[in-house]
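Asks: dropping a prediction and its sequence here:
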Amino acid sequence: MRTFLVYTVLRLVIFLACFGVLYLLFGNHVSGWLIALPAVLLTSGLSWLLLRQRGVEAGAALTSAVRSVRGRLDASTRREDAER
């Protein structure tokens, strides 16, 4: 799960950097909501370019965690059924 958390924090940092740059450039002319939309779009592209490997690792870690939880639930269900 740590890998997923690190990936999420890095994406948030990229978003804040994009938002900050756009705010410095256009903050006097438009509202924050109109700055946030292009910041999200820029974040998507930059994350894909800069964090591609970390994204793959985060996805693998999340998949592994879900499989582990499913396995424990299945084992618990089997034990409960055997007790009846």
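Replies: Okay, I see it. Residues are numbered from 1 along each chain as shown.

Asks: low-confidence ranges, the chain, go.
Replies: For the chain, applying pLDDT under 70 flags the ranges 84.

Asks: how does it look with 50?
Replies: Along the chain, the model assigns pLDDT under 50 to no residue.

Asks: what is the burial count for V6?
Replies: Taking other C-beta atoms under 10 Å as the neighbour definition, V6 ends up with a count of 15. Every residue, glycine included, has its C-beta placed from N, CA and C.

Asks: for it, give me phi and psi.
Replies: phi -60, psi -40 (degrees, to the nearest 10).

Asks: how about H29?
Replies: Note on H29: its backbone torsions stand at phi -100, psi -30 [degrees, to the nearest 10].

Asks: how close does the spatially closest residue to R2 that is not a sequence neighbour get to G20?
Replies: Ranked by C-beta to C-beta, 6 or more residues apart in numbering and with sequence neighbours excluded, the top spatial neighbour of R2 is A61, at 7.8 Å. Noted for A61: a distance of 29 Å to G20, by C-beta to C-beta, to the nearest Å.

Asks: which residue ranges of the chain form helices?
Replies: Counting by DSSP state H, the chain has these helices, from start to end: 2-26, 32-50, 52-83.

Asks: how far does the last one sit from its chain's centre?
Replies: In this case it means helix 52-83. Averaging C-alpha coordinates over helix 52-83 and over its chain gives two centres that are 19 Å apart (C-alpha atoms, centre = their mean, to the nearest Å).

Asks: quick one: contacts for the most centrally placed residue in the chain?
Replies: Centroid-nearest residue in the chain: T8, 4.0 Å away (criterion: C-alpha atoms, centre = their mean). In this structure, T8 makes contact with A58, judged by C-beta atoms under 8 Å, 6 or more residues apart in numbering.

Asks: can you list the buried residues in stretch 22-33?
Replies: Going by neighbour count (16 or more other C-beta atoms under 10 Å), the buried part of stretch 22-33 is L22.
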